[in-house]
Every structure is written in structure tokens, then in C-alpha cells.
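J.: Generate a structure from the sequence data that follows.
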Amino acid sequence: MSGANRQIRLAGRPVGDVRPEDWEHVTAPADAPGEGRFAGRTRFISLDPAMRGWLDDRPSYLPPVGLGEVMRAGSVIEVTESNHPDFKPGDHVVGTFGVQEYVVSDGRGAVKVDPSLAPLPTYLGALGMPGMTAYFGLLDVGALREGETVVVSGAAGAVGTLVGQIAKVKGCRVIGIAGGPEKCAMLTEELGFDAAVDYRTEDVRAALRTHAPDGIDVYFDNVGGDILDAALARLAMHARVVVCGAISQYNNETAVQGPSNYLSLLVRRARMEGFVVFDYAPRFREAAKELAGWIAAGRIKVKEHVVRGTVDDFPDTLQMLFRGENVGKLVLELA
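T.: As a prediction, the model looks like this:
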């Protein structure tokens, strides 16, 4: 491979909202693969709320993206050249290849996927990290049991849409919290949620009293802030609160807002637990097989928001997550 490789690199540490000047748009050489390596062109790039945390220089479950480095991202590539025994031209591969047009890899962390079995964006969504996050967060961390009441915030996002549907598969009552009437209607009319709460126009605490009169058994939190507090006030005895994310807090310029209703955990003998999906990596194949079966049987519907563009469209496409514009898994397809 030779030619130009368009890349997005981190130019500065954001304070609050990510700004256009925090990114550097670079054209670098597209190198040929050496021995034991393969090269490919990027087809789809995953956009995830966790990316905001990777930009901050502070301790986390992954090291921060370095200044001047290609932005970290999961992606699907199509192999174009190969000197690697396990990969050949035409293969489609998922890995953490970054926001760039062309990739050279030694194969570590790369997984071949079959576009005849599922659309390529699905390998970044329901059969990728969001699917693994929903599956293990709800069933293992949340210890879900049949007949329980589940509430999920960020319910129209990549993880939230799957959490609610998995809970329905498992015989539970599901309430989703999302922003806007269109998203709420999608949750109940398309995905089978029992109820949806529009946090933009409704009193969330009052709505949870109405829809979960006996309390919340599992609260799957993707947003933090005031909505987390509202859910804590409605916990059932021995409830489980699953801390997956806190998108409402990621762009704060001041300290993160913590839960003021945390004493509900004591009164209700509940627990609140965070998790990182990578800890479940040895079991990803197990989860993917079960999720694929539910999808094939029509028990889970995949929601994907695919934006077609170029690498240079990455910064603005990422902001769709924080403006609440995406429904389901947000993916950038490179034209």
C-alpha cells in the first residue's frame, strides 16, 4: 500500500465541551505491511461516549490518548494487502485501529468478521462492545431475575436499546428514560419497552413513581446526574444499580455531580456497582452467540445510526452523542 492516509489526532486536552481546535487533521503516508503484518482500508468507525473520557489526562481503565496520537476508536477494516498467515485480502476485521483511512496491523486484538452473517456496523454495535456491555452489565453485574422491574437511562442509545430488550427477553418489566417524544415512542412501539419517560418534558421522579410503583429492582445507569438521583429514590429492597456511564457529566468544567440520594442504598439494602466490559473478554464469544440468536429470532431489534462521510467528519459526528441526536449505535461510514 502506498499513498496518503488521512488521520484525526488529538491536538489538545478539552476543557468542558470538545472543540474543533482540540483535533488535528493530518495526512500521513499509507505504509505497506511488513512481514507478519497486514494492511487495510477503514470501512466503519465506532463513536462512543467513552471517547470523551479517553481525552482527559487522568487515571482510568485505559490510558488517555496521547497528544499528537491518532484518536483511539474501534473500527471495521477491509484487508487490502497481507503478509500475515491469518489474514488475506478481502477479509473484514474488527479492532481498535483508530480514526484513520488506512491501517497496518500485526493482528493483535484483531478479529475477523463475516458480512454475510450480519451487517458490518452490527459488529461495532449489538455484536460488539455495546452488546457485550449490555449483556454482562445487566445479567452479571445486575444479576437480573425474571419478573423484576428494570429502568435504563440513555435508553435510546447503543447500550440502552439492548439493555431494555435483553430484559424483555428475560421476562422483566422495562422502563426506558430518553430525550424526546420520537425516541420514547421508538422504545415502546418498536422495541417493546413497557414504558418510556421523556426527561426533557416530564418530571422523572413522578414518572418513575407511576411506572414503577413497587420500586426499581435493577437500574442501569448510562447518564448519571439528576436522573441517577431520581432512580435512587425509587429503589426496591435489595436493588442493584449498574454504573455503566455518566454522559451528563463528561463535559463538566467543574467537579462531577455525585448522587445525593446514596443513602437509599442503605435503607433498601441495595448495591451500586461499576464495571468495565473488557473484564469479561474471555466470555465475549458466549455473549455474541446468544445475542446473535436473539437477533436472528427477532427477539432483539438492532438500532444503528450510520453517518456517511470522511475521516474529517469524525469530530462533528462525535458531538452527535452529546447533543442527543443519535438513535442506537452511532457509526461513521467512510465514503
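J.: low-confidence ranges in this structure?
T.: 1-2, 250-254 (pLDDT under 70).
J.: How about the residue in it that sits furthest from its center?
T.: residue 35 (34.3 Å; C-alpha atoms, centre = their mean).
J.: what secondary structure does the residue nearest the centre of the chain sit in?
T.: Geometric centre of the chain, nearest residue: residue 130, 4.4 Å, by C-alpha atoms, centre = their mean. Following DSSP: H, G, I helix; E, B strand; the rest coil, the label given to residue 130 is helix.
J.: Please apply the same query to the one 4 residues further on.
T.: Under the three-state scheme (three-state DSSP), residue 134 adopts helix.
J.: Could you find the closest non-adjacent residue to it?
T.: Leaving aside its sequence neighbours, residue 134 sits nearest to residue 162 (C-beta to C-beta, 6 or more residues apart in numbering; 3.7 Å). Yep, even glycine has a C-beta here, placed from its N, CA and C like the rest.
J.: next one: phi and psi at the one you found?
T.: The phi/psi pair for residue 162 (degrees, to the nearest 10) reads phi -80, psi -40.
J.: dump the residue contacts of it.
T.: 126, 130-131, 134-135, 291, 300 (C-beta atoms under 8 Å, 6 or more residues apart in numbering).
J.: Now with 10 Å, please.
T.: 125-126, 130-135, 137-138, 152, 155, 191, 291, 294, 300-303, 328-329 (C-beta atoms under 10 Å, 6 or more residues apart in numbering).
J.: from these, which ones fall inside strands?
T.: Among the contacts of residue 162, DSSP state E puts 152, 329 in strands.
J.: Now do the strands in the stretch 1-150 of the chain.
T.: Ranges of strands in the stretch 1-150 of the chain, per DSSP state E, counting those that start in this stretch, are 4-10, 23-29, 38-47, 74-82, 92-96, 102-105, 111-113, 149-153.
J.: Show me which residues of stretch 236-253 are buried.
T.: 236, 239-250 (16 or more other C-beta atoms under 10 Å).
J.: repeat for stretch 90-104
T.: 91-95, 97-104.
J.: Look up which helix or strand residue 223 falls in, please.
T.: Element membership for residue 223, per DSSP states H and E: none, as it lies in no helix or strand.
J.: how close does it get to residue 177?
T.: 8 Å (C-beta to C-beta, to the nearest Å).
J.: Likewise for residue 191?
T.: 14 Å.
J.: now residue 301
T.: 19 Å.
J.: So for these two, which residue has more residues nearby?
T.: Taking other C-beta atoms under 10 Å, residue 301 and residue 177 do not tie; residue 177 has more neighbours (30 against 16).
J.: what about the more buried one, distance to residue 120?
T.: Computed as C-beta to C-beta, the residue 177 to residue 120 distance reads 30 Å.
J.: quick one, what contacts residue 225?
T.: 153, 246-249, 252, 256-259.
J.: of these, closest to residue 77?
T.: residue 247 (27.5 Å; C-beta to C-beta).
J.: Quick check: that closest one touching residue 256?
T.: No: Residue 247 is beyond contact range of residue 256, at 11.8 Å (criterion: C-beta atoms under 10 Å).
J.: what do residue 223 and residue 177 both touch?
T.: 152-155, 160, 199, 231.
J.: Just send these back as JSON lines, with neighbour count and distance to residue 40 too.
T.: Shown next, in JSON lines, are the shared contacts of residue 223 and residue 177 (neighbours: other C-beta atoms under 10 Å; distance: C-beta to C-beta, whole Å):
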{"residue": "152", "neighbour count": "35", "distance to residue 40": "35"}
{"residue": "153", "neighbour count": "30", "distance to residue 40": "37"}
{"residue": "154", "neighbour count": "29", "distance to residue 40": "32"}
{"residue": "155", "neighbour count": "30", "distance to residue 40": "35"}
{"residue": "160", "neighbour count": "29", "distance to residue 40": "31"}
{"residue": "199", "neighbour count": "22", "distance to residue 40": "41"}
{"residue": "231", "neighbour count": "28", "distance to residue 40": "43"}
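J.: which one of those sits closest to residue 285?
T.: residue 160 (23.7 Å).
J.: Off-centre distance for the helix or strand containing residue 228?
T.: Counting by DSSP H and E, the element that carries residue 228 is helix 225-232. Remark: helix 225-232 is offset 20 Å from the chain centroid, using C-alpha atoms, centre = their mean, to the nearest Å.
J.: Give the buried residues for it.
T.: Going by neighbour count (16+ other C-beta under 10 Å), the buried part of helix 225-232 is 225, 227-232.
J.: Next, the angle from that helix to strand 149-153.
T.: Calculated by axes from the mean of the first three to the mean of the last three C-alpha atoms, to 10 degrees, helix 225-232 forms an angle of 180 degrees with strand 149-153.
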